[in-house]
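Visitor: Just the structure for this:
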Amino acid sequence: MGIFDFFSKKENKENLDKGLEKTKKGFFSNIAKAVVGKSKVDDEVLDNLEEALISSDVGVDTTVKIIQNIEERVARDKYFGSEELNQILKEEIEGLILNNDTEALKDFYVAEDKKPYVIMVVGVNGVGKTTTIGKLAQRFKQRGYSVLLGAADTFRAAAIEQLVMWGERADVPVVTQKMGSDPAAVCYDTLESGKSRNADVIIIDTAGRLHNKRHLMDELGKVKRVMKKVVDEAPHDVMLVLDASTGQNAIAQAKEFTSVTEVTSIALTKLDGTAKGGVVIGISDQMQIPIKYIGVGEKVEDLQIFDKKEFVDSLFKGV
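Guide: Below is the predicted model of the structure:
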């Protein structure tokens, strides 16, 4: 690890700790109330803990799993005190979060045999989809990669304009067509252009509509078929962007999108502005899709590759 990487990782960890402050405060306030005045973990503590987890936006199904696992440990170990609950809870939470095993993209590196690496980004309007694309472009470019963006959300002029703005900010070219153009045609042109430019990374923005699932499914299916005509394995990643501040609604959106297309990764935005960071646990457990990126602030550097151990350590830091 070079000295740049060392300080970069240190800064990322500090940003993560700061970004999770609201979640941590709300989460452990609820947990503390669950065990106040108790010397051991009993049924009342577990009932209170269940309520605390649900109110922290972990989600009902995931909460039930956690409580059942703790109950089994209580039965097996016969007795443990409430002071041990945080460590046990930490272990159970870490066990429910999927590993992000995308070694080819660790620290925004791209494997040589995957170039051009094509990312198709999906998600409803307002979750930070275009902003995430812009930050991703900058992060990859900071690593020395050539990046190309494709504005395939052709149903909103604002979406095209916003992506062009991010392209200018990152000094990254953007392939566009006029509003109302066929999104698949934009994708085709983007990948052809990416190949001719020897681009390392191509990121495609898509329309954020869920009101007509059949139309969306047909459109995304067509887009993927067209991509494969240009780059055999494209898209390498279908990334769903979700807004952490919406809590359980983010899980509902994830279920909607996975019902119409294959999603291979998740980017979770706006963790710094919410106390609902517990949704990270629920999304990973319920969707069984790895969380690849998290947003913990406004700066480009605040878009981080998700590491479950660092996330859980930060969540429980100082407890």
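
Visitor: Would you mind giving the secondary structure of the residue nearest the centre of the chain?
Guide: Closest to where the C-alpha atoms of the chain average out (Cα atoms, centre = their mean) is A267, at 2.2 Å. With DSSP: H, G, I helix; E, B strand; the rest coil as the basis, A267 sits in strand.

Visitor: doesn't L242 make contact with it?
Guide: Yes: if you go by Cβ atoms under 8 Å, A267 and L242 touch, sitting 7.3 Å apart. Any C-beta I mention is one placed from the backbone N, CA and C, and that applies to glycine too.

Visitor: circling back to that earlier point, look up which residues are beta-bridged to the residue nearest to the centre of the chain.
Guide: V241, Y293 (DSSP bridges).

Visitor: can you pull the contacts of it?
Guide: The contact partners of A267, taken as Cβ atoms under 8 Å, 6 or more residues apart in numbering, are 121, 132, 239-242, 291-295, 303.

Visitor: try 10 Å this time
Guide: Contacts for A267 (Cβ atoms under 10 Å, 6 or more residues apart in numbering) come out as 119, 121, 123, 127-129, 132-133, 135-136, 239-242, 291-295, 303, 306.

Visitor: before we move on, what about T269?
Guide: By Cβ under 10 Å, 6+ apart, the residues touching T269 are 123, 127-129, 131-132, 135, 241-246, 250, 293-296, 302-303.

Visitor: quick one: the helices in the stretch 51-200 of the chain?
Guide: 60-77, 85-96, 129-142, 157-170, 183-196 (DSSP state H, counting those that start in this stretch).

Visitor: How about residues contacting the first one?
Guide: When contacts are defined by Cβ under 10 Å, 6+ apart, helix 60-77 is touched by residues 40-43, 45-47, 49-59, 80, 84-85, 88-89, 91-93, 95-97, 248, 251, 278-279, 281-286.

Visitor: can you rerun that using 7 Å?
Guide: 41, 46, 49-50, 53-54, 80, 88, 92-93, 96, 281-282, 285-286 (Cβ atoms under 7 Å, 6 or more residues apart in numbering).

Visitor: repeat for the third one
Guide: Residues outside helix 129-142 that contact it (Cβ under 7 Å, 6+ apart) are 108, 121, 123, 147, 149, 159, 162-163, 166, 169-170, 172, 201, 203, 205, 208, 241, 267, 269, 295, 300, 303.

Visitor: now that helix, how far from the chain's geometric center?
Guide: 14 Å (Cα atoms, centre = their mean, to the nearest Å).

Visitor: Between helix 157-170 and it, find me the angle.
Guide: Between helix 129-142 and helix 157-170, the angle comes out at 20 degrees (axes from the mean of the first three to the mean of the last three Cα atoms, to 10 degrees).

Visitor: Quick check: buried residues in helix 129-142?
Guide: By 16 or more other Cβ atoms under 10 Å, the buried positions in helix 129-142 come out as 129-141.

Visitor: Please apply the same query to the longest one.
Guide: Buried residues in helix 60-77, defined by neighbour count with 16+ other Cβ under 10 Å: 62-63, 65-67, 69-70, 74.

Visitor: Then the last one?
Guide: Along helix 183-196, the positions that meet the burial threshold by neighbour count (16+ other Cβ under 10 Å) are 183-184, 186-191, 193-194.

Visitor: what angle separates it from helix 157-170?
Guide: When the same axes, to 10 degrees is applied, the directions of helix 183-196 and helix 157-170 differ by 20 degrees.

Visitor: Over to the first one?
Guide: Interaxial angle, helix 60-77 versus helix 157-170 (the same axes, to 10 degrees): 60 degrees.

Visitor: what's the answer for the shortest one, then?
Guide: What separates the directions of helix 85-96 and helix 157-170 is an angle of 100 degrees, with the same axes, to 10 degrees.

Visitor: same for helix 85-96, what does it pack against?
Guide: In terms of contacts (3 or more Cβ pairs under 7 Å, 6 or more residues apart in numbering; DSSP states H and E), helix 85-96 is packed against helix 60-77, helix 279-287, helix 308-315.

Visitor: what's the weakest-modelled helix or strand in the chain?
Guide: helix 3-19 (a mean of 67; mean pLDDT, DSSP states H and E).

Visitor: And whatever helix or strand comes next after it, what does it pack against?
Guide: Later in the chain than helix 3-19, the nearest helix or strand by DSSP states H and E is helix 21-35. Other elements packing on helix 21-35 under the criterion 3+ Cβ pairs under 7 Å, 6+ apart are helix 43-55.

Visitor: quick one: contacts of the helix it packs on?
Guide: Outside helix 43-55, the residues that reach it (Cβ under 7 Å, 6+ apart) are 30-31, 33-35, 38, 60, 63, 66-67, 70-71, 82.

Visitor: Find me the pLDDT at the closest residue to E11 other than its chain neighbours, would you?
Guide: For E11, ignoring the flanking residues on the chain, the nearest one in space by Cβ to Cβ, 6 or more residues apart in numbering is E301 at 6.6 Å. We have a pLDDT of 88 for E301.
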